[in-house]
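Novice: Build the 3D model from these lines:
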Amino acid sequence: MQPTNTSSLIRWWVTPKLPIRHIFIDSKDRPNGIFQAIRVYFRKWVIHPIRRWTAHYYVRFLQKFYGLVVIGLTGSAGKTSTKEMIVAILQRQGETVWTHANEDPVFNIPTTIFRCKPATRYLVLEMGVEFPGEMAFYLWLAQPSMGVITNVHQTHTEFFGDREGVAKEKGVLVRSLGKSDAAILNKENRYTQRFAKSTKAKVTWFGKGGDIQAKNIEIKDLKSQYTLMVDNKDIQINLPILGEQFVSNSLAAAAVGWVSGASLNQIKQGLEEFKPAEHRMRPIKLRNGSLVLDDSYNSNPAAAKKALETFKEVAGKEKKIVVLGDMLELGTDEVTQHKKLGKLVQNVGTDYLVGVGKLAKHAVGAANLPKGHSWWATDQKEILPILKPLLKKNTVVLIKGSRSIELDKLVDQLAA
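Specialist: This next block holds a predicted model:
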């Protein structure tokens, strides 16, 4: 890291070629950055509020004087994958900064804003909400000129009450947009369809019947292949991730690229070269010849349903094993949703089912598989001895559950 004095900091505002690249608050040494060494309590009660106010003004300064385009992204499922696809496309247009990892946006958004420079063209912010009022705070930090909502499903209803509560909170994003702004909305989701009536922004629809569509979707060579349709033009896409849910995410990203002036070829290159995040429907071929579909990052009823549909298509006539962890934060509907999931497991022709967690027990019961074909465990550590004897050639395993169930650790053990 190069030492930088105060005068250099001031000059950087008007000379972005100077070596400063980051402002960070952890102890990791990073090149071309400024490190703030502070105590935890001082950070929480003094530094964080100061940083938020500074970020609030800094991003508006860049928007006004340097033309920074801020893109806000939310949705019940697919946010991170959509964000990564958007970034892969926009980077072909200009310098792009985006929220990394899956940290609390309260801290992640200000930190990401500080990574911007006057030369930055796009700022992509993932705005996940879990509690009422969060979206308004994120919009205070950084007001986007483009808002993207992937979908609205039954998630975090423990805090929002029901799906209407989820929709109300996420809809704040597009309601905040002005006439010169852009809203990217899912044509296939009835809740996002309603948002078009409450925004002043120009709406671009993605999905069936929308401005950006996918035709002839199929899974081939462990990729999702389809024809992208945009403005009466089409191009073939080989998406390096499995499932129609991710095709939908790619359409949202394509819409952002199209509205931002990207060509069809740039959109194709971005989508085909994007790197899927870990534990999102990642195919892993084991040494014994079996195939694991690692979708262990997180789960909710809609995402689990899509995962099972993809699993059925990939597995075909091969032996099917499903490992399901609890779906959390569903409030009073949690038992009902797990029973519904169990029925879906049965309907896709599952041969063996392993449930992990208190709620997954209801899914195992509802699946009603033959005796000796289903198990229930309280912890993921108990699963490996159950699975190992079943893992043979011509076997496909789907692993899906909420993050706190830690099924990703099971995946790591299987892949070792």
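Novice: Any regions of the stretch 51-200 of the chain where pLDDT drops low?
Specialist: 102 (pLDDT under 70).
Novice: How many residues are close by residue 140?
Specialist: Residue 140 has 12 neighbouring residues, counting by other C-beta atoms under 10 Å. For every residue, glycine as well, the C-beta is placed using N, CA and C.
Novice: now for whichever strand or helix holds it, which elements pack on it?
Specialist: Per DSSP states H and E, residue 140 falls inside helix 134-141. Under the contact criterion of 3 or more C-beta pairs under 8 Å, 6 or more residues apart in numbering; DSSP states H and E, helix 134-141 touches helix 48-66, strand 69-74, helix 105-113, helix 163-175.
Novice: switch the cut-off to 10 Å
Specialist: Secondary-structure packing of helix 134-141 (3 or more C-beta pairs under 10 Å, 6 or more residues apart in numbering; DSSP states H and E): helix 48-66, strand 69-74, helix 105-113, strand 122-126, helix 163-175.
Novice: Please look at residue 216 and residue 236 and confirm they touch.
Specialist: Yes: taking contacts as C-beta atoms under 10 Å, residue 216 lies within contact range of residue 236: 8.9 Å.
Novice: shared neighbours of these two, anything?
Specialist: By the contact definition C-beta atoms under 10 Å, 6 or more residues apart in numbering, residue 216 and residue 236 are jointly contacted by 225, 226, 227.
Novice: Now the phi/psi pair for the residue lying closest to residue 189 once chain neighbours are set aside, please.
Specialist: Using C-beta to C-beta, 6 or more residues apart in numbering and skipping residues adjacent in sequence, the residue nearest residue 189 is residue 151, 4.7 Å away. As for residue 151, its main-chain torsions (degrees, to the nearest 10) stand at phi -180, psi 170.
Novice: which residues touch residue 151?
Specialist: Contacts of residue 151 (C-beta under 10 Å, 6+ apart): 74-79, 82, 170, 185-186, 188-189, 191-192, 207, 245, 248-249, 252, 302-303.
Novice: Inside strands: which ones of those residues?
Specialist: 74, 185, 186 (DSSP state E).
Novice: right, and the helix or strand after the helix holding residue 140?
Specialist: Next helix or strand after helix 134-141 toward the C-terminus (DSSP H and E): strand 146-149.
Novice: what distance separates that following strand from the centre of its chain?
Specialist: 14 Å (C-alpha atoms, centre = their mean, to the nearest Å).
Novice: just stretch 129-141 next, same as before
Specialist: Centre-to-centre, stretch 129-141 and its host chain are 17 Å apart (C-alpha atoms, centre = their mean).
Novice: Could you do stretch 245-255 as well?
Specialist: On C-alpha atoms, centre = their mean, the centre of stretch 245-255 falls 11 Å from that of its chain.
Novice: Please apply the same query to stretch 135-147.
Specialist: 18 Å.
Novice: In contact with the residue lying closest to residue 182 once chain neighbours are set aside: list those residues for me.
Specialist: Taking C-beta to C-beta, 6+ apart, and ignoring the residues beside it in sequence, residue 182 has residue 146 as its nearest neighbour in space, at 4.5 Å. Contacts of residue 146 were listed using C-beta under 10 Å, 6+ apart, and they are 69-73, 86, 122, 124, 174, 177, 181-184, 201, 204, 255-256, 259-260.
Novice: and residue 146, how far is that from residue 152?
Specialist: 18 Å (C-beta to C-beta, to the nearest Å).
Novice: quick revisit: in the sheet, who's paired with the residue nearest to residue 182?
Specialist: With DSSP bridges as the criterion, residue 146 is bridged to residue 71, residue 182.
Novice: all numbers from here: first residue = 46
Specialist: Okay, residue one is now 46; in that scheme the one you just asked about reads as residue 191.
Novice: Just want the phi and psi numbers for the residue nearest to residue 447 when sequence neighbours are not counted.
Specialist: In space, residue 447 comes closest to residue 373 once its chain neighbours are excluded; the distance is 4.4 Å by C-beta to C-beta, 6+ apart. Main-chain dihedrals, residue 373, degrees, to the nearest 10: phi -100, psi 170.
Novice: pretty sure residue 373 contacts residue 346?
Specialist: No: with contact defined as C-beta under 10 Å, residue 373 and residue 346 do not form a contacting pair (11.5 Å).
Novice: Which residues are in contact with each of the two?
Specialist: 200, 379.
Novice: what about the two, which has more around it?
Specialist: When neighbours are counted by other C-beta under 10 Å, residue 373 and residue 346 differ, and residue 346 comes out ahead with 22 against 19.
Novice: Alright, that wraps it up for me.
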